[in-house]
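K.L.:
3D model of this:
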Amino acid sequence: MPVTIAFHRVVVRAPSEETATGWHVVIPPADAFDPLHVRVTPVAEVRAGDTVIGTIQPHHDHLLNPIDRAQWVSYFSHASKPQTGDAHPFDPRHCGWCTHNGQLRQIGAGSDWWTVDGCTTYSPDSLLLVVPRELV
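P.N.:
Next up, the predicted model:
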C-alpha cells in the first residue's frame, strides 16, 4: 500500500542575527538544538516530548502580497523545552493570556485554531520547526 508523504516548500537556513532586509533579530543559543534533528511539522501533529523551536511564516512583499507560496523560518529566541502535552485545539478559557489572545484574534472556544503550549495560538494550517521526541 503506497504511503502519502506531504512536502512543504520551506527554506531552512542557519539562525542569523541579520535578515535579508537588514533587520536585527535575536537568535537562539548556539547549543539550543542540533540542526540535523529539525523537522517541519504541522501544528496538529506536535506530540508530548517534542521540542518546538520555531514557526514557519508566509513570505510577503512590501504590499503584503504573498510571494510564490514561499515561507520563512522564525526561530524562537530561547532554548525551548519539550512539550508536556500533545497539540490540541486552542481554549481561550485556559488562562488570562489565552483569553486576551482569543479576544485579540477573535478566536472562540471550539474554533479550529491550535496550541502546543496552552497559550500560543496557531492557525490550523501552521507549520512548526520541531525536534521530535525521539531525537531530543
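K.L.:
now the strands: where do they sit in the chain?
P.N.:
With strands called from DSSP state E, the chain shows them at 39-42, 51-60, 66-75, 88-89, 114-115, 127-131.
K.L.:
for those, give me CSV that also has mean neighbour count and mean pLDDT.
P.N.:
C-beta here means a position set from N, CA and C on the backbone, and glycine is covered the same way. Output for the strands of the chain, formatted as CSV (neighbours: other Cβ atoms under 10 Å; pLDDT from 0 to 100):
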stretch, mean neighbour count, mean pLDDT
strand 39-42, 17, 89
strand 51-60, 18, 80
strand 66-75, 14, 68
strand 88-89, 13, 88
strand 114-115, 22, 88
strand 127-131, 23, 89
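K.L.:
switch those strands over to TSV; also include distance to residue 4.
P.N.:
Shown next, in TSV, are these (distance: least, Cβ to Cβ, whole Å):
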stretch	distance to residue 4
strand 39-42	13
strand 51-60	20
strand 66-75	20
strand 88-89	24
strand 114-115	21
strand 127-131	17
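K.L.:
of those, which is nearest residue 97?
P.N.:
strand 114-115 (11.1 Å; Cβ to Cβ).
K.L.:
please consider this matter closed, and thank you.
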